[in-house]
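K.L.:
Need coordinates for the following:
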Amino acid sequence: MRRHADLDPAPRLSDPRFLDAGEAALVVQFGETVDPAINDRVLGLDAALRADPPAGTREFVPTYRSLMIHYEPLEIDRETLVATVRRAMEAAVEGRGPSTIWTLPCCYDPALAEDLDEAAQLLKLTRDEAVALHVKATYRVYMCGFTPGQPYLGGVPEALKISRRPAPRPPHAAGAVLIGGGLCVVAPFVMPTGWYVIGRTPERLYAAERKDAFLIQAGDMLRFDPIDLSTFRDLEQRAASGEIVARKSAA
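P.N.:
A predicted model of the protein is given here:
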């Protein structure tokens, strides 16, 4: 028996693919690579559907190159949903409008950046050179996921692109800033990882008690502001009391 996805005609390069994820989710895939233009199309469709959610849809999950739409098949069938999505695409404006730029304080002290020396050595850089490269870049938040509020960041300088570890390292602290696989992430929770911990932010990217539990959204831009260990401890206490210690500005 052929799947629904197999029934779709072969798409033109500019057309998305409509793929099934089980019986109650539709994936609208815009490309095969991590690319800002592709991600803009994902976020544009996401914004259009969130502004006027079609009856029967339950959740929209944007990723690097696709949008997953969870829906209730008893309320809307696949063919109707695809037609609705196509109409939304025609009206969608790529992206989410002007980007929000977040500046996260980040401490690169050896006490908090336990893998920085190892990563720098593998990259044939000094610790200071690696930090300078990481701070200089402006990163794009392509998607959030794996753990609540965890942003996946593109825009890592070529000199900092490193493969992931062959095996996971022990759990790191919440707020760890990591590089691996050519990307950068900020981890809101304690967990083991195959990435390299090169710093830590005192900011809480996810806080269930906040009105906006998720601080950073897909489509935002992000920079890192280097701080010393004493400043980190002070900001950590302020963040724990509910203060947002990251700076927010418009592009």
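K.L.:
can you pull the buried residues of stretch 144-156?
P.N.:
Neighbour-count burial for stretch 144-156 flags 144, 149-156 (criterion: 16 or more other CB atoms under 10 Å). Any C-beta I mention is one placed from the backbone N, CA and C, and that applies to glycine too.
K.L.:
Do a quick rundown of the helices in the stretch 101-250 of the chain.
P.N.:
116-122, 127-136, 229-240 (DSSP state H, counting those that start in this stretch).
K.L.:
Would you mind saying which of these lies nearest Leu49?
P.N.:
Evaluated over the helices of the stretch 101-250 of the chain, closeness to Leu49 peaks at helix 229-240, with 32.9 Å, by CB to CB.
K.L.:
Give the other helices and strands that that closest one contacts.
P.N.:
Judged by 3 or more CB pairs under 8 Å, 6 or more residues apart in numbering; DSSP states H and E, helix 229-240 is in contact with strand 100-107.
K.L.:
Need the contact partners of the strand it packs on.
P.N.:
With contact meaning CB atoms under 8 Å, 6 or more residues apart in numbering, strand 100-107 is reached by 113, 134-135, 138, 177, 186, 199-203, 215-217, 220-229, 231-232, 235, 245-251.
K.L.:
Filter these down to the buried ones and hand me the ChimeraX line.
P.N.:
A single ChimeraX command selects the buried members of the contacts of strand 100-107 (16+ other CB under 10 Å):
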select :113,134,177,186,199,200,201,202,203,215,216,217,220,221,222,223,224,227,232,235,245,246
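K.L.:
Among the contacts of strand 100-107, which lie within strands?
P.N.:
177, 186, 199-200, 221-227, 247-250 (DSSP state E).
K.L.:
quick one: buried residues of stretch 157-171?
P.N.:
Buried residues in stretch 157-171, counted by 16+ other CB under 10 Å: 160, 162, 164, 169.
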